[in-house]
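> structural data only, the sequence is not supplied:
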């Protein structure tokens, strides 16, 4: 294997995300970053807010894992559970494949909707925006059979259906109109088409027990388990390896697509990965979301806390709005930044490292450790909700403190 390929694979891990994020934090604490200053004295304020948020939502600290499944619960009713429990599955593996299909599609569509888009829920009449709206829309499209080629089996996603997905089809499913615009619609369609092409091209991974479908990844992961156990970092690496080709216009190293990995000049190394910052936000969000289907299928996922916090705008906004992070140039708050700009890469990497710091401080407050209160529960409890709450307190539309141009495939 070429040296560059070995170096590329080293970035397709949760460990690489964490290590490089903490290197960025160390550089920032030395005041050597170009865009942000860091004030760890304000971390207590962030911990206070997150802890209040957790107590309001989960008084006993009995918090579920951060996963897409939480967003399918509408007004206390679990929409997916109602559908799944009413379905006659041939076996546990069949349900797991369908849940993989749903989670993969839903997470890939969850890249920020913009401040004005809403999804009209026909059951309750509610208009639901942002991530929860995208979740419900994806579930409704999945349940309707939009992604299936089999009229008698709507609860599946087929590679063939994805490859021929139209902008009009997704626009209708997401209820997009001139009065209800969605950021990055074309980018999402392109991403799902690419997913279909990739799944069809690798039958040894995605068609072990069925025709090519994203949910075939479940069967592949099952073969990778050791006595019924698979590690969370292994799930992430498989996602990054198998889905790497679907990400458009990303960095290629040694013939390997690096996905959600960007350049920042301060992270110099002595190999081909110099200046590269892996973040893998959507892939880690997906890895967290695959844990429950795997568990329901009778397998066990270990080492969940080796995954990192998510480098997205609610977690990142939490640290800006509480004063932990401050822009060197305040005018940058009014500018719009490309997702690959050094400012956004810096912000996202610092977010990952600061989530670790916050988690440690919060556990110390409540007398827990990483085993009894893992990061996946703090994110859900948690940092994401607190970031949203403080955004609405600071800005009427709840927008993040940093304006980012989204193509529908990252945020």
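Yep, it's here. The model shown is predicted, which means the values in this text are computed figures rather than measured ones.
> how close does residue 35 get to residue 353?
Here the distance between residue 35 and residue 353 works out to 15 Å (C-beta to C-beta, to the nearest Å). Backbone N, C-alpha and C define where each C-beta goes, glycine included.
> who's more crowded, the two?
residue 353 (25 against 22; other C-beta atoms under 10 Å).
> any low-confidence regions in the stretch 301-411 of the chain?
Within the stretch 301-411 of the chain, the set of residues satisfying pLDDT under 70 comprises 407-411.
> do a quick rundown of the helices in it.
When assigned using DSSP state H, counting those that start in this stretch, the helices of the stretch 301-411 of the chain occupy the ranges 313-321, 342-366, 375-378, 384-394.
> could you report the neighbour count for residue 292?
Using other C-beta under 10 Å as the criterion, the residues surrounding residue 292 number 18.
> now do the helix or strand hosting it: which elements does it pack against?
When elements are defined using DSSP states H and E, residue 292 is found to belong to helix 281-296. Packed against helix 281-296 by the contact rule (3 or more C-beta pairs under 8 Å, 6 or more residues apart in numbering; DSSP states H and E) you find helix 92-108, helix 217-224, helix 232-243, strand 300-302.
> ranking the ones you listed by burial, who's on top?
helix 92-108 (a mean of 23; mean count of other C-beta atoms under 10 Å).
> any idea how far it is from the chain center?
What separates the centre of helix 92-108 from the centre of its chain is 15 Å, taken as C-alpha atoms, centre = their mean, to the nearest Å.
> and the angle from it to helix 281-296?
Helix 92-108 runs at 160 degrees relative to helix 281-296, counting by axes from the mean of the first three to the mean of the last three C-alpha atoms, to 10 degrees.
> and the angle for helix 92-108 with helix 232-243?
Angular relation of helix 92-108 and helix 232-243 on a 0 to 180 degree scale: 70 degrees, by the same axes, to 10 degrees.
> strands of the protein, start to end?
Secondary structure of the chain, counting by DSSP state E: strands at 36-38, 73-74, 77-78, 118-120, 127-129, 229-231, 252-253, 256-257, 261-263, 276-278, 300-302, 325-327, 336-338, 403-405.
> who does the second one pair up with?
Each strand that pairs with strand 73-74, with its direction, by DSSP bridges: strand 77-78 (antiparallel).
> what sits up against the partner strand?
Residues from elsewhere that reach strand 77-78, judged by C-beta atoms under 8 Å, 6 or more residues apart in numbering: residue 72.
> shift numbering so it begins at 82
Okay, residue one is now 82; in that scheme the one you just asked about reads as strand 158-159.
> adding distance to residue 350, write the helices and strands packed on helix 362-377 out as TSV.
Below are those laid out as TSV (distance: least, C-beta to C-beta, whole Å):
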stretch	distance to residue 350
helix 173-189	30
helix 298-305	29
helix 313-324	19
strand 381-383	30
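> any idea which of those gets closest to residue 131?
With C-beta to C-beta as the measure, helix 313-324 is the member of the helices and strands packed on helix 362-377 nearest residue 131 (22.2 Å).
> what's that closest one packed up against?
helix 95-110, helix 266-282, helix 298-305, helix 362-377, strand 381-383.
> off-centre distance for it?
Here the centre of mass of C-alpha atoms in helix 313-324, compared against the chain's by C-alpha atoms, centre = their mean, lies 13 Å away.
> what sits up against that helix?
Contacts for helix 313-324 (C-beta under 8 Å, 6+ apart): 93-96, 276, 279, 283, 286-287, 298, 301-302, 305, 340, 361, 364-365, 367-369, 371-372, 375, 382-385, 387-388.
> one more: stretch 136-146?
135, 151, 369, 372-373, 385, 447, 449, 454, 457-459, 461-463, 466.
> for these, which one is nearest residue 291?
The nearest member of the contacts of stretch 136-146 to residue 291, counting by C-beta to C-beta, is residue 373 at 20.7 Å.
> pLDDT score for that closest one?
At residue 373, the model reports a pLDDT of 96.
> same question, residue 208
94.
> how about it, nearest residue that isn't a chain neighbour?
Nearest residue to residue 208, sequence neighbours excluded (C-beta to C-beta, 6 or more residues apart in numbering): residue 199, at 4.1 Å.
> partner residues bridging that neighbour?
Counting by DSSP bridges, residue 199 is bridged to residue 210.
> hmm, it is touching residue 209, no?
Yes. Using C-beta atoms under 8 Å, residue 199 makes contact with residue 209 at a distance of 6.3 Å.
> correct me, but residue 153 touches residue 220?
Yes. In this structure, residue 153 is within contact of residue 220 by C-beta under 8 Å, at 5.6 Å.
> overlap in contacts of the two?
When contacts are counted by C-beta under 8 Å, 6+ apart, residue 153 and residue 220 have 160, 161 as shared neighbours.
> returning to that earlier point: show the buried residues in the contacts of stretch 136-146.
The neighbour-count test (16 or more other C-beta atoms under 10 Å) applied to the contacts of stretch 136-146 identifies 135, 151, 369, 372-373, 385, 449, 454, 457-459, 461-463, 466 as buried.
> what's the farthest-apart pair in those residues?
Within the buried ones among the contacts of stretch 136-146 (distances taken as C-beta to C-beta), the two that end up farthest apart are 373 and 449, at 21.7 Å.
> got a pLDDT number for the residue of the chain most remote from its centre?
Among the C-alpha atoms of the chain, the one most distant from their mean position (C-alpha atoms, centre = their mean) is that of residue 233, at 31.2 Å. pLDDT, residue 233: 93.
> what's the spacing between it and residue 226?
When residue 233 is compared with residue 226 (using C-beta to C-beta), they lie 9 Å apart.
> ok, residue 183 next?
Going from residue 183 to residue 226 by C-beta to C-beta gives 12 Å.
> which residues are in contact with each of the two?
Both residue 183 and residue 226 are contacted by residue 236, under the criterion C-beta under 8 Å, 6+ apart.
> the closest residue to residue 340 other than its chain neighbours: how many residues sit nearby?
Residue nearest to residue 340 in three dimensions, not counting chain neighbours: residue 328, with 5.0 Å by C-beta to C-beta, 6+ apart. Neighbours of residue 328 under the rule other C-beta under 10 Å: 20.
> with the one 3 residues further on instead?
Using other C-beta under 10 Å, residue 331 is surrounded by 17 other residues.
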